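Asks: Let's see this in three dimensions:
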Amino acid sequence: MKSLTIVHLFIVIAFLIAPFAGHADCSRIFVVGTNTDAVAKKRAGINAISIELFSEIKKRVNCVYNERTLSFTKALEELRNNRIDIFAFAFKAPEWTAVTNSEVLYSVSRILLVSKGVYKKEFTISDYIKNPKIKFGVVSGGMFFTNKDELDLLEKEKRAVYDPFPDGVIELLTQRKVQAVFTSPTFYRRYVKQFKLAELTEAIPDKNNNLDLTLFFSKTRVKPEEQKIFADAIKSMRKDGFIRKTLLKYVLEDDVNKYYTF
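Replies: Numbers count the residues shown, from 1 in each chain. Sure, this is the predicted structure:
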């Protein structure tokens with residue numbers, strides 16, 4: 001009788017923890033920072049692409065996830081201080097890769113938005129960067145649209161104006177507080193109507209500089225074999241076309257074909 005009671009107890013315990021046990025792929029709960037509220041000052045601007053992509057990753061790596069929304073600046077701090085396991089997503093940049101391991105979902109060419117008042121057809125992107133009269137709006141918390149040399153020059157000449165949100169940087173441009181902003185086709189299509197960008201700016205594609213949308217892993221908290229499970233899931237999402245199909249909901253097909261690499 002006593003032995004039956006013990007057996008029943010184990011069955012009850014197993015039943016209670018089953019919903020939280022996750023998939024056989026998992027060995028523990030993952031603490032995940034997400035950027036879903038990091039692209040806009042108001043919650044209405046949450047990043048639908050990131051939500052869909054990470055939701056699919058969770059389906060393919062059926063673990064237990066403790067999620068929290070973080071700004072890019074806060075996410076980098078949390079990773080640096082080993083307080084989260086994973087961050088989804090940001091564009092790869094040296095300050096991030098210095099403290100994390102990473103898996104790239106896709107690459108995309110960046111776009112330079114320039115106020116019509118300073119636009120010159122004969123100017124290259126380098127000409128705008130080197131022009132001491134042109135200030136750039138920059139997303140704080142990482143070099144998401146600029147490289148280190150560009151940012152070093154802008155900071156040295158006091159031409160970098162920061163905002164923690166991509167839409168805040170666009171507002172700096174529309175309010176004429178800066179004259180140029182680097183962005184991606186995804187963000188451009190999101191904001192072109194909202195901020196009347198076609199009327200106020202010229203969009204210049206920069207196919208020589210790609211941005212890598214990346215899933216970041218803590219070097220100390222995530223084991224290589226755990227990261228591989230996520231890497232395999234991302235690889236399968238590329239192979240079966242899920243990433244491309246998701247982007248096509250938010251980006252014109254011509255832009256996907258022109259700017260994106262999977």
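Asks: hey, let's count contacts and neighbours off CA atoms from now on
Replies: Will do.
Asks: how about L252, what does it touch?
Replies: Under the criterion of CA atoms under 8 Å, 6 or more residues apart in numbering, L252 has no contact partners.
Asks: Oh, that last question was meant for K116, not what I typed.
Replies: 200-202 are the contacts of K116 under CA under 8 Å, 6+ apart.
Asks: and these as CSV, adding secondary structure and neighbour count?
Replies: Formatted as CSV, these follow (DSSP: H, G, I helix; E, B strand; the rest coil; neighbours: other CA atoms under 10 Å):
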residue, secondary structure, neighbour count
L200, helix, 16
T201, strand, 22
E202, strand, 20
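Asks: Which of those residues sits closest to L70?
Replies: For the contacts of K116, the residue nearest L70 by CA to CA is T201; the value is 30.1 Å.
Asks: Chain neighbours aside, what residue packs nearest to that closest one?
Replies: Excluding the flanking residues, the one nearest T201 by CA to CA, 6 or more residues apart in numbering is S115, at 4.4 Å.
Asks: That neighbour is in contact with I204, isn't it?
Replies: No - contact between S115 and I204 fails when scored by CA atoms under 8 Å: they sit 11.1 Å apart.
Asks: So which of the two has more stuff around it?
Replies: S115 (21 against 16; other CA atoms under 10 Å).
Asks: Run a quick neighbour tally on the closest residue to I243 other than its chain neighbours.
Replies: Distances taken as CA to CA, 6+ apart place M237 nearest to I243, at 6.0 Å, with adjacent residues excluded. M237 has 20 neighbouring residues, counting by other CA under 10 Å.
Asks: right, and M237 touches A231 too?
Replies: No - with contact defined as CA under 8 Å, M237 does not count as touching A231 (9.9 Å).
Asks: which element is the spatially closest residue to Y250 that is not a sequence neighbour on?
Replies: For Y250, ignoring the flanking residues on the chain, the nearest one in space by CA to CA, 6+ apart is T186 at 7.1 Å. For T186, the element it lies in under DSSP states H and E is helix 185-191.
Asks: Extract the residue ranges of the stretch 101-250 of the chain that are flagged as low pLDDT.
Replies: Low-confidence segments of the stretch 101-250 of the chain (pLDDT under 70): 141-144.
Asks: SS state for N209?
Replies: strand (DSSP: H, G, I helix; E, B strand; the rest coil).
Asks: Run a quick neighbour tally on it.
Replies: With other CA under 10 Å as criterion, N209 counts 15.
Asks: can you check V192 too?
Replies: Close neighbours of V192, defined as other CA under 10 Å, add up to 15.
Asks: Repeat that for the one 3 residues further on.
Replies: When neighbours are defined as other CA under 10 Å, F195 has 16 of them.
Asks: wait, isn't it in contact with T174?
Replies: Yes - look at F195 against T174 with CA under 8 Å: they come within range, at 7.1 Å.
Asks: Do a quick rundown of the strands in the stretch 101-250 of the chain.
Replies: Using DSSP state E, counting those that start in this stretch, the strands of the stretch 101-250 of the chain run over residues 136-139, 160-163, 180-183, 201-218.
Asks: This completes my enquiry, with thanks.
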